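A.B. asks: Generate a structure from the sequence data that follows.
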Amino acid sequence: MVPRDVELEIFDLEGIPPFNQDLENQPPDKVKEFKAKIRAAEAILIVTPEYNYSIPGVLKNAIDWASRPYGDNALEGKPVALMGASIGMLGTARAQYHLRQSFVWLNMYALNQPEVMVPFANEKFDQSGTLTDQKTKEKMKELLEGLISWAQRLKKN
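C.D. replies: So this is what the prediction gives:
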């Protein structure tokens, strides 16, 4: 679903240690790599599940590392889009709204529409994890195209 002439790079958060303010000026190599990838990216796409009405701890932890120490926020000024899937009826709505609150302080530029919140995900993916729902695929494609346009528009300004 990624448009032509666009490269989507996935960064796995596995291995990023718990944030420790005592170490923020000397972050682990995995954190340095993470921040470098963010800085090199023209836009950020965050894909998340929803746990306990919010974002997973590992995602919050990664955001804390990426935005610290104060004055060294790799996320600042980045265009960002969100999507997520959950087995529940709201399809990550609460997690995405919590992230949007964080974006204000992080000074990120969130794409507001379309919103891609996939409810009842267990019915929309097959056993191997492949998305089978055509309507969801179309919304995801629309989001990706919107993020690219948003990033280009912000870059011009």
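
A.B. asks: Phi, psi for the residue of the chain most remote from its centre please.
C.D. replies: Of all residues in the chain, residue 22 has its C-alpha farthest from the mean position, at 25.9 Å, by CA atoms, centre = their mean. Summarising the backbone geometry of residue 22 under the convention degrees, to the nearest 10, its torsions are phi -60, psi -20.

A.B. asks: Quick check: it vs residue 76, distance?
C.D. replies: According to CB to CB, to the nearest Å, residue 22 and residue 76 sit 23 Å apart. In short, each C-beta sits where N, CA and C put it, glycine included.

A.B. asks: again with residue 66
C.D. replies: Between residue 66 and residue 76 the computed distance is 10 Å (CB to CB).

A.B. asks: What of residue 120?
C.D. replies: Counting by CB to CB, the gap between residue 120 and residue 76 amounts to 36 Å.

A.B. asks: Residue 142 now?
C.D. replies: Residue 142 sits 27 Å away from residue 76, going by CB to CB.

A.B. asks: In terms of neighbours, single out the busier of residue 66 and residue 76.
C.D. replies: The residue with the greater number of neighbours, taking residue 66 and residue 76 and applying other CB atoms under 10 Å, is residue 66; the counts read 24 against 15.

A.B. asks: Then that one would be within a helix, right?
C.D. replies: Yes: read with DSSP: H, G, I helix; E, B strand; the rest coil, residue 66 is one of the residues of a helix.

A.B. asks: Could you give the number of residues near the closest residue to it other than its chain neighbours?
C.D. replies: Setting aside the residues directly before and after it, residue 66 is nearest to residue 74 in space (CB to CB, 6 or more residues apart in numbering), at 4.8 Å. Neighbours of residue 74 under the rule other CB under 10 Å: 21.

A.B. asks: Ok, residue 23 next?
C.D. replies: Using other CB under 10 Å, the number of residues around residue 23 comes to 15.

A.B. asks: residues touching residue 25, list them.
C.D. replies: The contact partners of residue 25, taken as CB atoms under 8 Å, 6 or more residues apart in numbering, are residue 69.

A.B. asks: Check the gap between it and residue 68 for me.
C.D. replies: In this view, residue 25 and residue 68 are 9 Å apart by CB to CB.

A.B. asks: and what of residue 143?
C.D. replies: Residue 143 is 28 Å from residue 68, by CB to CB.

A.B. asks: Please spell out which residues along stretch 129-143 are buried.
C.D. replies: When burial is assessed from 16 or more other CB atoms under 10 Å, stretch 129-143 yields the following buried residues: 136, 139-140, 143.
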